[in-house]
Structure formats: structure tokens, C-alpha cells
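Undergrad: would you be able to build a 3D model of this:
(chains A and B)
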Amino acid sequence: MSTAALERLAGLLPPERLLRRPAELAAYESDGLTAFRTRPLAVALPETEEEVVALVRHCLEWKMPFVARGSGTSLSGGSLPIAGGLVIALNRLNRILKLDPRQRTAVVQPGVVNTQVTQAARPFGLHYAPDPSSQSICTIGGNVAFNSGGAHCLKYGMTSNHVLGIKAVLATGEIVSWGGQSRENTGPDWCGLFTGNEGLFGIALEITLQLLPLAECFHTVLAGYRTLEEAGDAVSAVIASGLLPGAIEIMDALALEAAQAAVHAGYPEGCEAVLIVELEGPREVVAFERGKLDAILEASHPVEIRPARDAEERLAIWKGRKSAFSAVGRLSPDFIVQDGVVPRRRLGEALRRIAEMSGETGIRVANVFHAGDGNLHPLILFDGRESGALHRAEELAGRILKMCVAMGGSITGEHGIGVEKREFLGEMFTSDEIDCMQRLRSAHDPFGIANPGKMFPGKGAPALSHVGLHPLEKAGLISRE
Amino acid sequence: MMTPATLSELREAVLSAPRVLAVGAETKPRLSAVGAEKISTRNLRGILEYEAAEFTFTALAGTPLSEVVSTLAEQGQYLPFDPMLVDAGSTLGGMVASGLSGPGRYRYGGVRDFILGVRFVDGRGRLMRLGGKVVKNAAGFDVPKFLVGSLGRFGAIGEVTFKVFPAPESRLTLKIPATEDTIAKVGNSRWAPDALDLLPGGEWLLVRLAGPGPALEGLAGEILNQFPGEIIGNTIWDDLREFRWATGSGLLVKTAITPDRVFEFPAAHVSCGGNVAYSSALPLTGLTLRGDAPLWIGGRNRFALEAAVKHALDPEGRFPTLDD
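TA: Sure, this is the predicted structure:
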């Protein structure tokens, strides 16, 4: 990087908001995919949209690669820095610019944390639906970049389904603005294309989100089963009944063991699997559907059925579920969170095959998954201090992903491709299709300066090293999903 | 007019003329009223895969929506956004290209929210599949969403995969006097309305409830205690779906709005809780679906990116542009 470029960069922000010293940069070297780390040239901490635009235009002028970053919770290495590049940390753009309770929309800056939107909306009886497990720390900008999911996607979709408008600065320096307060639009769905771009198009500056009325009533049931298969059959029965639960989740024995140790969730003893099903809606509707669900679950040979009797018990069930990933850190010094999708009817088969692979390789795998979506999250446990352990874990992760594609599914349900899965893009897409996506990328970023080295297979593999849990994870501040 | 019956024939059709545009049943004829060789999808039809337990189906673009709707209904499922112009013969591909959703969009989202994957032919004749076939997928750019509302200007849609939902056990429709306040109150209520539309004329608000029958009666009673009105038959939604109210000039214009602007469109069918107006009299802005008016009334936002994306997908300009 030329001295001139750095000097000009230094002119854009006060010195305390342009981090250059190694000690300052260390916190930004990695994200939720802790096996990778790269030291950036500098980290910029803009406070205004104008500063973000100026930084992007500076990067364009000097062909300096940049990575936009929120809280760095990406599990696919999406916010991994680029050596010699700039990290644009957006946490200080953290204002909710507008909240319109009548139209049920919020306009937010990219650094606003996911749960802050719901907190701001709650006094009006509203909430923001997408709920990734890291929601207490991950930012809306990151959610938009990776089209984040959560536990309630079956009924309410992913981030993209809740984005009504986007103002963004593209890697061409152009400022674009699509959609807005209306839930409808005319013309191509530019917001839809931008959401999930993995930081390869540019940086969202303002995002208009749809808010939904809080459901009046919930019925959350936890059911324990002797086998994973029985839990899977229960899911099929719920789906076949015509009910549309807000969430259907399963945790296997190893994940349960971890969650139990971490949050004392009080799961039923002696179960190989726990199923969580949640209904929601007006109380009259839930009262009716509840009878139907309870009958289905009782007929599904559970060890125990435990409905949440009040809001507190419901929260406890979800706390156990959402802490499961980080809790696995208690079982193993390191782990990889996978994110494959299979057709729902093949869930049982997929889990059997994962268990077989785990047996063959001697690598422990815990499973936590969004059963309603067929979205698996195998947690592959390893000890990075053992020579070759990370490599073996990654190999197993790769075999699982290939299995998902072979079953007609996807290599990612909600974490994105990032650095982690870019070598698998070709498993899902032909060279024409990858070329098409690359052309779309170039339309937004002709010089390849926005988050290069992510999503697409190929050059510039980042350094792979063993680093253990994320410091925030160790502190219990974040959890993975 | 070319009438490909397979995806490879669709590909050949795209490459057969310097300027082409795929059309379905042309129920929104203004969208395709441009100088281009038309490729009809009428023979490119059929549901290829339907797994009720997966909540997904895949079908060729020319499949009539009526076939989709009835096939799903046999399994107790539906497209929750209420596809429009079903009786008129609209096709699945036409629905995607026009981006036209119905009243049910209000609760769970529109065409964009239920499309999962697409196979399409780009301007260079490459047949590609983007998106996926499972209900959840975050791999690659979301081109399927982009093609919703793209009017066939970036590629010819050959096949689509959609997410579906179990259909509610029953529906109940209430008709209450329309005010801006009522729209907000019902919309923000505990009743979780399934659709919230204003009848042309602007006097009446339709509230549709969906779910288990006995529960709906209780909810309806509570709503009618707060607002004067009555329970009416559900067939009114069929009339709205087919735009049967829009007689006369033949003009039909879609305008994305917000609920505070509802009463600027007194003659329109205002759907989706006041978020979209379908007008048969010329509005100040909007997209003309049929009738004699510019495609984009009152212009539209344009960014340099649009030309770059057009170039990426259609470098030789084989498809018309959004402005043609």
C-alpha cells in the first residue's frame, strides 16, 4: 500500500478512529469463524454515513480492499479481514433513525444490534422477527449482508423477507436507494438482490425493516425422545397435520449435555433428542391449535412432554436452545459450526449418515438444527492443539456439505458461504452459474475491492490457524448459530 | 410467436432473434407491449416436483396458476400471497416477472418472499439455475428474488421453485367502514388479520381472518364490537383477485404506497393493508399492467448499477430494457 494512500486515509478520520497499531488491530483479526485470522492494514471507525461513503470512495480510488464489519459474529468468516486491506467497522452507526408504529417499520443504521430493534419496537406491541442466536450482539448490517436466519424462519422467513428498503454505497462509489416504507414495490427486487451479498456489493447505510405485531399468545412445548429418529418422526407428524408452527427445533444428546451444563435448562433425563415446537397467534387460535399439537406429540412416543406454563418457562426453553452452540465449547476446546440444508424428509437419513461419519473418523459431532427447515447445524468437535485435528474436522465438515448437496439441499441455510465454504460453491452451481454471479458481483464492484476472497472459490486463501473460542464467546457475550 | 416446449428449446428461442421477450398468458399486456419477438411459454408447462411434506414445488414457467392452485389445494396447501388473475389464465412465470402478489401478501409476504429458486436463460443463451429447491438456502446471490418484478428484461424464466404453506382451515371476511385509523388499529391488533384491503370507492375495509373456524368466530365478534360492520361471503376475494371491478377504460396501474396515502386512491382497490393501489384511473405514479399509458407512470428511480447489471446478464441487449 502506498504511503500516499495511507496519508489520504488518515485525512478522512481523526486518528483515534483509524486504528493502526498491532494491539488495536488484534481484536479485528478474526470473526465467529475463529479458525481463520488475518491482520488488516487498518481499522476505520466511521460515525456517519458520509464517512463510510468517503472511506469506500477512498478504497475505490486506491484499489484498496475493504471489509465491512459489524460485531464480527459471522460463522463463515464473512468479516475476516484482508491482509493489506481496510476494515470498516460500522458499530458506531448505531442509530434507529425512525420507528413508525402505524406503518410498522423501522429505519436503522447498519451498526444497530438485532435485539435493539425489537426492544425499541416492543412498547408499540411490535417486534423484528429474524432472530439469529447471536441476536443480542450481531448487527442489522451483518444480518443484511448474510441474509441471516434464526429459529423462526419456517413461518417468517429470513432477514431478506423483512427488508423493505436499502440505501447503500456500492463499491463503485455510487449511492443507491431502493424501496422504502411500503411493503410493495414495482420493478426488479434490488433489495432482494443486495440482501445476502456477503459484503461483495458494498455497504448498507440505512435499512428499512418491517416490524410485525407481537403474537398475543405462545404455546411452546419441549418434548424428549429416546431416539433422534422418534423426534424426527414427530416433526413429520406436525408438518403433516397442517399446523404452521413458528419454530420446530431439535437438539441431540451431545448438544443437550452441553446446554444442560451451561444453563441448567432442566431437560428431561435419558433422552437422545429434544424437540421444541412453538405455536403463536391470537389466544383463541392457539388454544385450538394447541389441542391438535398436544395430541400429535402425545402419540409420538415421547419420554416426556413439557409445555412452557408461562413466559418465563418459554424463555428458559429458548435460552437453552440458543446457548447450545457456545455451550458445546464446554465439551471441546474447539468446534466448527456447519450449516447445511437437506430436504426435510431426509433429515433422519442425513443424521444417520453424519453419525456414521462421526464414528468412522472418531470425531464427535453434536447436532442442533432447525428441523422445520431441514437446516442442520452439526457441531464438529476437535482439539486444535492436536496436530492435524482442525484439518480432519474441516474434512468431515466438507463431507457433510457434499452430502447435503447430493440430497438436493444446500451448503448453507443461513450462515453464508464466506471464506469457509467457498470451495464448495461449485458443488451447488455450474461454472456458468458461478460466472453469472461473478458478473453480477463485477457490476457492483468492478475492481473487486469489496470483501474479496469470499464466496467465490479460488485465489488468496487466508491463513488457517487454531485460535479456540472467540473472546466474546468465552465471556458468554455471544453465541453461535 | 415461438412456443418452446422444453428448457433447451427456450434457450434456442432466446438465441433465435436479436430481440426477444418471454410472455405467458399476457394478462398484464402492457408489461410486454414492446418491440421484440415474443416467446410464448404456453407449451412450457407442468408441475415437475411437488413434495407436500417439504412445503415446496417446482414447475415450468408456463404452468397456469389455476393448475398450481388446484394441485396445492388437493394437499391442503397454498401460495399464501393469493396469486392474481388466476381465472384469467395467468402463468407462474408471468406472476414472477410481473411481481404481482394478491391480498394474502399482507400476512406472510409476496411472490418475492416465497420464491426459492429459478432456472432462466440469460441474454447469452446460458441456461442457469440459481437459488435452491429447499425452503432455506443462503448460497450465492439471490437472483430469484431479483427476477421478481423484472418484467423479463434480464432473462427468460423457464422454471421456478416456490415455498408453500399449509392452507388455513377456514376463512372469514368482515366488512367495516374504512378510515386510516381503522387500518392502523386492525393492523396492529392481536387479531392477526390475514388480509386487509379497501374496496374500490374507499368506503369499506375488508378484514380477512384465517385459521381454525371456531377461533375465527370469536375474533370476528370482538372486531364487530369495536367497529360497525358485518360478516360477508369470501367470494368477494375472487372478484378482487380477477380485477373484476376494473371495467371501463381497461387501464390498470399498480402503485406501491403507504397507508397514509390510501385516500389519494379512492377509486382504486387498495390491497395489502394500504401498501399497494390498483387503479383504473390514471394515477400520478405507478406501473401500468394493462391499458394505454406509459409503462412507468411518473418515472422511476434509476441508478448506474441498473445498466451494469443489465450488461452482466444481457450484454448484447437481447431482451428489451425496463424503459423500452
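
Undergrad: gap between the two ends of stretch A:90-105?
TA: End-to-end distance for stretch A:90-105, by CA to CA, to the nearest Å: 22 Å.

Undergrad: next: stretch B:70-87.
TA: Start-to-end span of stretch B:70-87 (CA to CA) is 12 Å.

Undergrad: off-centre distance for that stretch?
TA: 12 Å (CA atoms, centre = their mean, to the nearest Å).

Undergrad: one more: stretch B:144-151?
TA: On CA atoms, centre = their mean, the centre of stretch B:144-151 falls 11 Å from the chain's centre.

Undergrad: if you count neighbours, what's buried in it?
TA: B:144-151 (16 or more other CB atoms under 10 Å in any protein chain shown). No exception for glycine: its C-beta is placed from N, CA and C like everyone else's.

Undergrad: can you tell me if it touches chain A.
TA: Yes: Stretch B:144-151 lies within reach of chain A by CB under 8 Å from any CB of the partner chain, at B:145-151.

Undergrad: measure that stretch end to end?
TA: End-to-end span of stretch B:144-151 (CA to CA): 13 Å.

Undergrad: same check on stretch A:366-378?
TA: Terminal-residue distance, stretch A:366-378 (CA to CA): 6 Å.

Undergrad: can that stretch be found next to chain B?
TA: Yes: Stretch A:366-378 comes into contact with chain B (CB under 8 Å from any CB), by way of A:370, A:373-375.

Undergrad: just flag the most distant two among those residues.
TA: A:H370 and A:G374 (7.7 Å; CB to CB).

Undergrad: circling back: for chain A, state which of the residues of stretch B:144-151 next to chain A is nearest.
TA: Lowest distance from chain A to the residues of stretch B:144-151 next to chain A (CB to the nearest CB) belongs to B:K145, with 2.8 Å.

Undergrad: doesn't that closest one lie inside a helix?
TA: Yes: B:K145: assigned to a helix according to DSSP: H, G, I helix; E, B strand; the rest coil.

Undergrad: for residue 288, helix, strand, or coil?
TA: By default, I'm working from chain A. Under three-state DSSP, A:F288 falls in the helix class.

Undergrad: that's the wrong chain, I meant chain B
TA: strand.

Undergrad: which residues do A:H370 and A:G374 both contact?
TA: A:413, B:136 (CB atoms under 8 Å, 6 or more residues apart in numbering or on different chains).

Undergrad: who's more crowded, these two?
TA: A:G374 (29 against 26; other CB atoms under 10 Å in any protein chain shown).

Undergrad: for residue 33, which non-adjacent residue is closest in space?
TA: If you meant another chain, say so; for now it's chain A. Excluding its sequence neighbours, the residue lying closest to A:L33 (CB to CB, 6 or more residues apart in numbering or on different chains) is A:G77, at 3.9 Å.

Undergrad: chain B is the one I meant
TA: Counting by CB to CB, 6+ apart, B:L295 is the residue found nearest to B:A33 once chain neighbours are left out, at 7.8 Å.

Undergrad: what segments of the stretch 101-250 of chain A are helices?
TA: A:114-121, A:140-146, A:153-156, A:190-194, A:228-240 (DSSP state H, counting those that start in this stretch).

Undergrad: pick the most buried one from those helices.
TA: Mean neighbour count, computed with mean count of other CB atoms under 10 Å in any protein chain shown, is highest for helix A:140-146 among the helices of the stretch 101-250 of chain A, reaching a mean of 30.

Undergrad: helices or strands up against that one?
TA: Secondary-structure packing of helix A:140-146 (3 or more CB pairs under 8 Å, 6 or more residues apart in numbering or on different chains; DSSP states H and E): strand A:66-69, helix A:114-121, strand A:202-210.

Undergrad: what about residue 262, how many residues nearby?
TA: Looking at chain A here, since you left the chain open. The number of residues near A:A262, taken as other CB under 10 Å, comes to 20.

Undergrad: let's do chain B instead
TA: 22.

Undergrad: tell me who's in contact with it.
TA: B:178, B:180, B:183, B:198, B:202, B:270, B:274, B:277.

Undergrad: could you export those as a markdown table, including neighbour count?
TA: Listed next are these as a markdown table, based on neighbours: other CB atoms under 10 Å in any protein chain shown:
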| residue | neighbour count |
| --- | --- |
| B:A178 | 23 |
| B:E180 | 14 |
| B:I183 | 22 |
| B:L198 | 25 |
| B:G202 | 17 |
| B:V270 | 30 |
| B:G274 | 30 |
| B:A277 | 27 |
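
Undergrad: contacts for stretch B:236-253, please.
TA: So stretch B:236-253 is contacted by B:28, B:82-88, B:102-103, B:173, B:195, B:197, B:199-200, B:206, B:208, B:269, B:271, B:278-283, B:286-293, B:297 (CB under 8 Å, 6+ apart).

Undergrad: one more: stretch A:253-261?
TA: Against stretch A:253-261 from outside (CB under 8 Å, 6+ apart): A:251, A:265-267, A:271-274, A:320-321, A:323-324, A:327-331, A:364-368, A:379.

Undergrad: and stretch A:424-435, by the same measure?
TA: Contacts of stretch A:424-435 (CB under 8 Å, 6+ apart): A:398, A:401-402, A:405, A:410-411, A:417, A:437, A:455-457, B:126-130, B:132, B:139-140.

Undergrad: in helices, which of these fall?
TA: A:398, A:401-402, A:405, A:437 (DSSP state H).

Undergrad: closest one of the residues you listed to chain B?
TA: Ranked by distance to chain B (CB to the nearest CB), the ones in helices among the contacts of stretch A:424-435 are led by A:M437 at 5.2 Å.

Undergrad: list buried residues within the contacts of stretch A:424-435.
TA: Using 16+ other CB under 10 Å, the buried ones in the contacts of stretch A:424-435 are A:398, A:401, A:405, A:410-411, A:417, A:437, A:455-456, B:126-130, B:132, B:139-140.
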